[in-house]
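Trainee: Coordinates only, no sequence provided:
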C-alpha cells in the first residue's frame, strides 16, 4: 500500500485531461491511497471541493483508490480567537502525520483522529504558496516530492499565471 499526499491550487481546473498524467504518477509509484486537504473556495463550506483537490478526488475515486480528506480547521481557529491563516499550514503538518479532525479544548485546537498509515510521497500539481509549503514540509520529512506539470485543457487558450508552472 502506497499513500500519497496530493496538493495543488484551489483555483486550478484539474479535469479529466489531467488523468493520464495522474495515472502515470500512480503507476510509477504504486499509489493505492490518496490524502488531500479538502480545499474549497469557501472555508465555511468545506464539503464543496474545488481546484486540484476536487480533480484528484474525482480521479482517485474513479480509479477505486482509497481517499482520505484532511480539511483545515478554519472555523475552529476563528472561534478560538486564533489567526485562521495558520489553519492551512497546520492542516498540512497534520496531514503528513495522518492527524485530522479537530475540536477546541481549553482554548486550543487539538486533533481528534489519527488515520492508519504514513505517506510515502507528496504529489504537487501546479499551485502557489500553500502547495510549495506542502512540498517543503514533505521534503523536510524526507519524502520524495513529485511535481506534475500543468496539463492543458484541449480547446482552451494556454494561459498560466505566475504561480502555476508549466
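Mentor: Good, I have the coordinates. Note that this is a predicted model, so its numbers are computed, not measured. Residues are numbered from 1 along each chain as shown.

Trainee: contacts and neighbour counts: CA atoms only from here.
Mentor: Noted.

Trainee: Show me which positions of the helix or strand encompassing residue 53 end up buried.
Mentor: Using DSSP states H and E, residue 53 falls within helix 51-62. For helix 51-62, the neighbour count (16 or more other C-alpha atoms under 10 Å) marks 51, 52, 53, 54, 55, 56, 57, 58, 59, 60 as buried.

Trainee: mind checking how far it is from the chain centre?
Mentor: Mean-position distance between helix 51-62 and its chain equals 10 Å (C-alpha atoms, centre = their mean, to the nearest Å).

Trainee: now the helix or strand following it, how far from the centre of its chain.
Mentor: Next helix or strand after helix 51-62 toward the C-terminus (DSSP H and E): strand 66-69. Its chain's C-alpha centre and that of strand 66-69 lie 10 Å apart, by C-alpha atoms, centre = their mean.

Trainee: which outside residues touch strand 66-69?
Mentor: 32, 33, 34, 35, 36, 37, 38, 57, 60, 61 (C-alpha atoms under 8 Å, 6 or more residues apart in numbering).

Trainee: Next: stretch 136-156.
Mentor: 17-18, 21-22, 92-93, 96, 119-126, 135, 158, 164-166.

Trainee: Now do the helices in this structure.
Mentor: Here the chain has its helices, by DSSP state H, at 19-29, 51-62, 74-79, 85-97, 129-140.

Trainee: just the angle between the second one and helix 19-29, please?
Mentor: Spelled out, that is helix 51-62. Interaxial angle, helix 51-62 versus helix 19-29 (axes from the mean of the first three to the mean of the last three C-alpha atoms, to 10 degrees): 70 degrees.

Trainee: Distance check, the residue in the chain sticking out farthest from the centre against residue 112.
Mentor: Computed with C-alpha atoms, centre = their mean, the residue of the chain farthest from its C-alpha average is residue 106, at 28.9 Å. Distance of residue 106 to residue 112, given as C-alpha to C-alpha, to the nearest Å: 14 Å.
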